[in-house]
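Engineer: Here's a sequence, model it:
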Amino acid sequence: MRDRFLNELNLNTQDWMLGQGTLYPDIIESGGTEHAEVIKSHHNRVKEVLDLVSSGHVVEPLKDLYKDEVRQLGTLLCLPESIVWRHPFPGPGLSINVLCARGDESFPEIETTFKEVRDCLKDCECDHLVLPVRSVGVQGDQRTYASPVALLNTPRDWDWLDNQATRITNEVRTVNRVVLLLGSNTNDSDAQFNLHKAFCSKDRLDLLREGDYKATKILEKQV
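Structural biologist: All right, here's what the predicted structure looks like:
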């Protein structure tokens, strides 16, 4: 796109620079640090862009920051909260957010993982479930493919929940994501999650988009 616009505007490529909003996780996930594995590719870290970076034709003022640090910076710069706390909408149409599994996949580690999480939460008054699906995550500088854990019957203390999520993923290596099971009638004995054969149809994705929209509106009211 850079080359196309420069050609359309008849600009000298040596006289212009490309500005990118690259964040530090983009560099880590692209294998750009000494001990990082390639987790996934990023458009701002393809060969053409790296060549421009090497030649000094790219400006990346945020490349050493994480997302939460960028938000802190935006707040210090007095940017509107609607920009600072904007909710990302990954495309196409949120389908990338759907966790899927092959029908023949088994989860022999679920029982062991459940016990390890139970030990991790032994001082907490909450229940948990290990979900029979795998999600992609990053632990340290490595890509992981592991089961999420759902917490239920927990206090609605968001700082406490954030701390527990970090604690679980740090101490239990077979868990790379923690989610909160919402609902007034769920408990450890009647809440169950089982896989059944289904596909990413328009109806299911529409339901996901509707839920994402409502959740985003609730979060916006909390900011």
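Engineer: where does G32 land on pLDDT?
Structural biologist: Looking at G32, its pLDDT reads 74.
Engineer: residue contacts, it?
Structural biologist: Residues near G32 by Cβ atoms under 8 Å, 6 or more residues apart in numbering: R45. Using the backbone N, CA and C atoms, a C-beta is placed for each residue, glycine as well.
Engineer: repeat for L52
Structural biologist: 2, 18, 58.
Engineer: switch to 7 Å and redo it
Structural biologist: L52 sits next to 18, 58 when contact means Cβ atoms under 7 Å, 6 or more residues apart in numbering.
Engineer: Repeat that for I168.
Structural biologist: 117, 120, 149, 175, 178.
Engineer: please redo it, this time with the cut-off set to 6 Å
Structural biologist: With contact set as Cβ atoms under 6 Å, 6 or more residues apart in numbering, I168 has these partners: 117, 120, 175, 178.
Engineer: Tell me the helices and strands packed up against the biggest strand by length in the chain.
Structural biologist: When the chain is parsed with DSSP state E, its longest strand is strand 142-152. Here strand 142-152 touches strand 127-130, strand 135-139, strand 175-180, going by 3 or more Cβ pairs under 6 Å, 6 or more residues apart in numbering; DSSP states H and E.
Engineer: What's the first helix or strand after the longest one?
Structural biologist: Sequence-wise, the next helix or strand beyond strand 175-180 is helix 202-222, with elements assigned using DSSP states H and E.
Engineer: If we go by neighbour counts, what in that following helix is buried?
Structural biologist: For helix 202-222, burial by neighbour count (16 or more other Cβ atoms under 10 Å) applies to 205, 208.
Engineer: now do stretch 1-8
Structural biologist: Buried, per 16+ other Cβ under 10 Å, within stretch 1-8: nothing.
Engineer: hang on, the earlier thing: dump the longest strand of the chain to PDB, keeping only the CA atoms.
Structural biologist: Extracted C-alpha coordinates of strand 142-152, given in PDB (Å, rounded to 0.1, in the frame of the first residue of the first chain):
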ATOM      1  CA  GLN A 142       6.300 -18.900  23.500                       C
ATOM      2  CA  ARG A 143       3.100 -19.800  21.600                       C
ATOM      3  CA  THR A 144       0.900 -22.200  23.600                       C
ATOM      4  CA  TYR A 145      -2.100 -24.300  22.600                       C
ATOM      5  CA  ALA A 146      -4.000 -25.200  25.800                       C
ATOM      6  CA  SER A 147      -7.300 -25.400  27.500                       C
ATOM      7  CA  PRO A 148      -9.000 -22.300  29.000                       C
ATOM      8  CA  VAL A 149     -10.300 -22.400  32.600                       C
ATOM      9  CA  ALA A 150     -13.700 -21.000  33.500                       C
ATOM     10  CA  LEU A 151     -14.200 -19.500  36.900                       C
ATOM     11  CA  LEU A 152     -17.600 -19.500  38.500                       C
END
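Engineer: Good, wrapping up.
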